[in-house]
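Peer 1: Sequence below, structure please.
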Amino acid sequence: MGQCPDLDERLGLDQPISRRDFLDGMLLTSADMFLAGSCPFPLGAQGTGEISSGWTGYTGEGDYQAAAGNTEAVIQNAHAVRDGRYDQSRSESAETGEVYDCVVVGGGFAGLSAGLFFSQQAGPTRNCLILDNARIFGGVAKRNEFVVDGHRLFAPQASVHFQPPYPNSFLEGVYDAMGLDWDAFKSYQKWQGPSPEISLPRSAYGHGTIDGKPATGFFFGAKYGHKPGIWITDPWGKKLEGTPFSETTRREMWALHSEQAVRAPLVYDYPGDAVSRQLDSMTLEDYLIRTYGVSRETIRLLVAGESSGGFGLGPDALSGFLYYEWSKVIPTVDDSMATGIQMFPGGNSG
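Peer 2: Numbering: from 1, shown residues only. The predicted structure follows:
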């Protein structure tokens, strides 16, 4: 601390803190005291320098094995920087004679965008180097490869969809700068095979069809008393008939799916108005209970998986304001699943 007199100011320690934020911090500290013994790995800030081998989590195949985000080695290297182990030049470092006008650390979407904007503003006489700890650029917004039962599967991850931009918008400018002709994605190849046509959606959020019939299904295994398991095809078209849910649960799931409100929905005009603030004062779970008259158990059964997968939190923690995040915030002239929202099979970094 003594080596940098203005460190407190740079860290914002001279700024006022609200009573709520202070109490939240104290609550977090108290929880840490009680839960430290059950923490799956020592926190790096504690200075132990050790992280369990299971910290990195699942990875992919080939080059993707080392491209799953911030691995344990990255955390350890960051601690080494913190501890001053790189303050002196390393003996194995070699002078290459290379000179760059701009160096960007991180080849995710933020880093790639920084390099793109620098090249636009600085012109062709300036050069830029983008560094990344993975073998493949794109950060988390790229594809990954996995081998399942001997089959290599490709799947996108993180931010995966794109959509037609507003005319003369910032997003359109980014597309133009990359040479992406989004208009070319309006038409796709038609099915010409002899077998029944499988109509695939343009994104994972859509629904496919086989010969014009929905290709959606719910699988119920041992948890629901079925071994090896059963499929219920087109469950929504059947209004969940045949599923091993109680009549009450089926009715509530259908009310959520078909948006059968028991109270008028709260719809805001613009972020910050009275209605939006009311939405933000309740959880998404409470808003769904209020609007559709369903139970918390049904919401957590039907909604929690999707919300936690997309936002990292369940409806019991997310703001009710999030209910309209998709339809009101995405800057697109077409947010329909049929013609608007689309995905690259290899992720957005492709």
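
Peer 1: Please work out which helix or strand belonging to the protein has the smallest mean pLDDT.
Peer 2: Among the helices and strands of the chain, helix 19-35 carries the lowest confidence by mean pLDDT, DSSP states H and E, at a mean of 44.

Peer 1: pLDDT weak spots in this protein?
Peer 2: Low-confidence regions of the chain, defined by pLDDT under 70, span residues 1-13, 17-58, 68-70, 327.

Peer 1: ok, 50 please
Peer 2: Low-confidence segments of the chain (pLDDT under 50): 1-3, 23-24, 26-51.

Peer 1: can you list the domains in it?
Peer 2: Each domain of the chain is listed here as a residue range: 99-187, 191-244, 247-330, per the TED database.

Peer 1: Quick one: the helices in the stretch 151-300 of the chain, in order.
Peer 2: 170-178, 247-257, 274-280, 284-292, 296-302 (DSSP state H, counting those that start in this stretch).

Peer 1: The protein: strands as residue ranges?
Peer 2: In order along the chain, the chain carries the following strands (DSSP state E): 102-105, 128-131, 143-148, 151-156, 161-162, 198-199, 209-210, 213-214, 217-220, 230-233, 342-343.

Peer 1: still on that earlier bit, okay, the helices of the stretch 151-300 of the chain in JSON lines with mean neighbour count and distance to residue 144 next?
Peer 2: Placement of C-beta: from N, CA and C, glycine included. Listed next are these as JSON lines, based on neighbours: other CB atoms under 10 Å; distance: least, CB to CB, whole Å:
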{"stretch": "helix 170-178", "mean neighbour count": "13", "distance to residue 144": "22"}
{"stretch": "helix 247-257", "mean neighbour count": "16", "distance to residue 144": "30"}
{"stretch": "helix 274-280", "mean neighbour count": "15", "distance to residue 144": "34"}
{"stretch": "helix 284-292", "mean neighbour count": "20", "distance to residue 144": "29"}
{"stretch": "helix 296-302", "mean neighbour count": "17", "distance to residue 144": "27"}
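
Peer 1: any chance of those helices in a markdown table, plus distance to residue 208?
Peer 2: Shown next, in a markdown table, are the helices of the stretch 151-300 of the chain (distance: least, CB to CB, whole Å):
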| stretch | distance to residue 208 |
| --- | --- |
| helix 170-178 | 27 |
| helix 247-257 | 18 |
| helix 274-280 | 33 |
| helix 284-292 | 27 |
| helix 296-302 | 21 |
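
Peer 1: Residue 294 - how many residues pack around it?
Peer 2: Neighbourhood size, residue 294 [other CB atoms under 10 Å]: 24.

Peer 1: and if you look at residue 60?
Peer 2: Other residues near residue 60 come to 21 when the count uses other CB under 10 Å.

Peer 1: which residues touch it?
Peer 2: Neighbouring residues of residue 60 by CB atoms under 8 Å, 6 or more residues apart in numbering: 67-68, 144-146.
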